[in-house]
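> Just need the structure, nothing else, for what follows:
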Amino acid sequence: MKIPFPPICLFFLFWFPSLSLSQSLRGKWKTWVSFNFVNYGESFDFYGFLFFFCFFVFGFYLGSGYLLDCGATIPSVINGLGWNPDQDYVSGGTPKVLLTQFQNPTLSTVRTFPLENNLFKKFCYVIPAFRTGRYLIRTTYFYGGVNGNNNPPVFDQMVDGTFWSIVNTTADYSNGNASYYEGIFAAAGKSISVCLAANTYTDSDPFISALEVILLANSLYNATDFGTNALKLVARHSFGYQGPIIRYPDDEFDRCWLPLGEDNSTTTSTRNVDVSGFWNLPPLQVFQTDLEISQPEPMVLLWPPVSLPKSLYYLALYFADNPNSTGGPRVFDITVNGVAYYSNLTVDQAGVAVFTNQWPLAGVTNITLTPVAGSTLGPLINAGEAFEILKLNGTTLTRDVISIEKVKASFQNPPVDWNGDPCLPRQYSWTGVTCSEGPRPRIITLNLTSMGLSGSISPGIANLTALSAIWLGNNSLTGSIADLSSLKRLNTLHLEDNKLGGEISPSLGNLANLREM
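So this is what the prediction gives:
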């Protein structure tokens, strides 16, 4: 039984000024907590701890996340969930309305990002997050001819400093369908960046229809080391099910469970499985149908139903016996491509899940359920999830991120791609930024010559202590010149042709490596 959320936590959530609590146009489960980083950003660690104390100790699930209708101008409610326009979370792009209207409003608008002069420049949504929180991220794409032709562009998407996938919606769009990409990522800091970028194979403006970033319970997929890995969804199916996609409100995290039938017989029955006992908290509805063989003989599944690239995978399989079954326990072995996956699995009405988080796969996958000797019942299966293990690239050194963000804030018109991780992925570092190698790169040069910049030079630039060269010449920067005496590696400094005032600090003469100024 859940303990009621105590009054002190309610008081904290509703009244403490570092939090803004919004339930406008939200579904009954979807309360979104967003942090005001402007005035109380430095107090986040303590009060974030207080929030999590209430969250975990008192056992009250406060479903939180961001559902963004990209290109929209007004909020909407779809299937009981509130969607917001995206303009507050992205600094570039153009909102557009498709000529074709849809029952799902999120497919009626898109945000496009200009291809011209933006090869390998990323455009990022920056979403507030709980540090180390585990998030389901889903991007949705429906082209709708928004670029003036019938050929959707192919482009890249990434999360923070990690390349996620190529976005290729061509096949889906030719069939009149939207394309969905989903992954599970942990927040490395107080925000998560979801970015799109053009590559050499991109022939028109990248676009996006919807973005979902949903906080997951801490038990979900917890066999994965999210400090070094993420999960890239390959398949999630409810076996033997023939209805519409199972998602919210049946799945409290709005995961999508697709129907999947096989040649094996399908059984439908009412099963009262306590899903709270499963780490991954699958929805109860996926246990109401199964694929089942009535005789004690093997069941062979070609699943996931796609050919897989050679990689390591997370597999989770879900089982619950039919309450009408008779004839003794249902016990079987599981092999994957002929390799033992689980032996002597006993499936009863309470349900059971088995999983692995480092299973090597390539090509077609064959999952075989074989009854043990003497068993009188055939095998069954209710649902399954498969993810590719995605190795994280790492992130730019936190001190450098904080410092370059201060530099960005002092510019009135920073480069359009100055969002997300400054250094990673390598191919998509910020305009004018060069970084060192390694999983925790540092910013080593800054070249923004003739970029039309206005504003000032933040003193925070002096905290980029790995800098060896600064080129900020031929802009319209004003104000004083920061004290750069902490930049011991600086060998090149160009600030000419700006509107800077004040004196150059004599401490620059103490920089032993400074050769060009």
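
> For the nearest residue to Leu216 once chain neighbours are set aside, grab phi and psi.
Distances taken as CB to CB, 6 or more residues apart in numbering put Arg134 closest to Leu216, at 4.6 Å, once the chain neighbours are dropped. From N, CA and C alone the C-beta is placed, and that goes for glycine too. For Arg134, the backbone dihedrals (degrees, to the nearest 10) come out as phi -100, psi 130.

> quick one, what contacts Arg134?
Arg134 makes contact with 184-186, 215-216, 218, 220-221, 226 under the criterion CB atoms under 8 Å, 6 or more residues apart in numbering.

> list the buried ones in stretch 327-336?
Buried residues in stretch 327-336, counted by 16 or more other CB atoms under 10 Å: 330-336.

> Going by distance to Leu315, which of the residues you listed wins?
The shortest approach to Leu315 among the buried residues of stretch 327-336 belongs to Val336, at 7.2 Å (CB to CB).

> Count the residues that sit near Ile214.
Using other CB atoms under 10 Å, Ile214 has 22 other residues around it.

> right, and the helix or strand after the helix or strand harbouring it?
If you go by DSSP states H and E, Ile214 is part of strand 210-215. Using DSSP H and E, the helix or strand that follows strand 210-215 in sequence is strand 229-239.

> and that next one, what other elements does it pack with?
strand 162-167, strand 179-186, strand 258-260, strand 289-292, strand 308-319, strand 383-391 (3 or more CB pairs under 8 Å, 6 or more residues apart in numbering; DSSP states H and E).

> what does the shortest one contact?
What it means is strand 258-260. Against strand 258-260 from outside (CB under 8 Å, 6+ apart): 235-245, 303, 305.

> Pull the most distant pair out of those residues.
Going by CB to CB, the pair spanning the contacts of strand 258-260 furthest: Pro244 and Trp303, at 20.3 Å.

> In terms of neighbours, single out the busier of the two.
Between Pro244 and Trp303, counted using other CB under 10 Å, Trp303 has the larger neighbour count: 23 against 8.

> Tyr201 and Thr170, how far apart?
Relative to Thr170, Tyr201 is positioned 12 Å away (CB to CB, to the nearest Å).

> Repeat that for Asn491.
48 Å.

> sorry, back to before: what angle separates the strand holding Ile214 from strand 179-186?
Our comparison of strand 210-215 with strand 179-186, counting by axes from the mean of the first three to the mean of the last three CA atoms, to 10 degrees, yields an angle of 30 degrees.

> so what's the residue nearest the centre of the chain scoring on pLDDT?
Centroid-nearest residue in the chain, with CA atoms, centre = their mean: Ile137, separated by 3.3 Å. At Ile137, the pLDDT value in this model is 99.

> How about the contacts made by it?
159, 182-185, 192, 194, 211-214.

> And for Lys408?
Per CB under 8 Å, 6+ apart, neighbours of Lys408: 414, 418.

> Would you mark the buried spots in the helix or strand containing it?
If you go by DSSP H and E, Lys408 is part of helix 398-410. Residues of helix 398-410 classed as buried: 400-401, 403-405, 407-408, 410 (neighbour count, 16+ other CB under 10 Å).

> Compute the mean per-residue pLDDT across stretch 216-235, please.
Mean predicted confidence for stretch 216-235 is 97.

> Which of the contacts of Ile137 ranks first by neighbour count?
Top of those by neighbour count (other CB under 10 Å): Val194, with 29 neighbours.

> And the strands in the stretch 351-500 of the chain, which stretches?
When assigned using DSSP state E, counting those that start in this stretch, the strands of the stretch 351-500 of the chain occupy the ranges 352-363, 366-371, 380-381, 383-391, 433-435, 443-447, 454-456, 469-471, 476-480, 492-494, 499-501.

> Where does pLDDT dip in the protein?
1-63, 262-265 (pLDDT under 70).

> Outline the domain layout of it.
For the chain, the structural domains run 1-60, 64-216, 230-391, 398-510, going by automatic domain parsing.

> What are the boundaries of the helices in this protein?
In the chain, helices defined by DSSP state H lie at 7-15, 37-40, 44-57, 170-174, 398-410, listed in chain order.

> if we can go back for a sec, tell me which of the contacts of Ile137 is nearest to Val416?
Nearest member of the contacts of Ile137 to Val416, counting by CB to CB, is Val194, at 16.2 Å.

> Enumerate the beta-bridge partners assigned to the closest one.
With DSSP bridges as the criterion, Val194 is bridged to Tyr125, Val159.

> Who are the contact partners of it?
Counting by CB under 8 Å, 6+ apart, Val194 has contacts 124-125, 127, 137, 139, 157-159, 211, 213.

> 10 Å instead?
Residues counted as contacts of Val194 (CB atoms under 10 Å, 6 or more residues apart in numbering) are 68, 89-90, 122-127, 135, 137-139, 157-160, 164, 183, 185, 208, 211-213, 420.

> bridging residues for the residue nearest to Phe278 when sequence neighbours are not counted?
Nearest in space to Phe278, with sequence neighbours left out and distances taken as CB to CB, 6+ apart, is Ala353 at 5.3 Å. Counting by DSSP bridges, Ala353 is bridged to Tyr318.

> if I look at Ala353, how far off is Ala320?
Applying CB to CB to Ala353 and Ala320 gives a distance of 10 Å.

> One more: Gln412?
With CB to CB as the criterion, Gln412 and Ala320 are 60 Å apart.

> Between the two, which has more neighbouring residues?
Taking other CB under 10 Å, Gln412 and Ala320 do not tie; Ala320 has more neighbours (27 against 12).

> surely that one meets Thr270?
No - the criterion here is CB atoms under 10 Å, and Ala320 misses it with Thr270 at 11.0 Å.

> hey, what's in contact with both of the two?
287-288.

> returning to that earlier point: possible to save the domains of the chain as TSV with distance to Glu516?
Formatted as TSV, the domains of the chain follow (distance: least, CB to CB, whole Å):
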stretch	distance to Glu516
domain 1-60	37
domain 64-216	28
domain 230-391	39
domain 398-510	4
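
> what's the most buried one of those?
domain 64-216 (a mean of 19; mean count of other CB atoms under 10 Å).

> gap between that one and the chain center?
11 Å (CA atoms, centre = their mean, to the nearest Å).

> Then stretch 327-334?
Worked out by CA atoms, centre = their mean, stretch 327-334 lies 38 Å from the chain centre.

> Enumerate every residue touching the closest residue to Gly161 other than its chain neighbours.
Leaving aside its sequence neighbours, Gly161 sits nearest to Leu424 (CB to CB, 6+ apart; 2.9 Å). Contacts for Leu424 (CB under 10 Å, 6+ apart) come out as 158, 160-163, 392-396, 435, 439-441.
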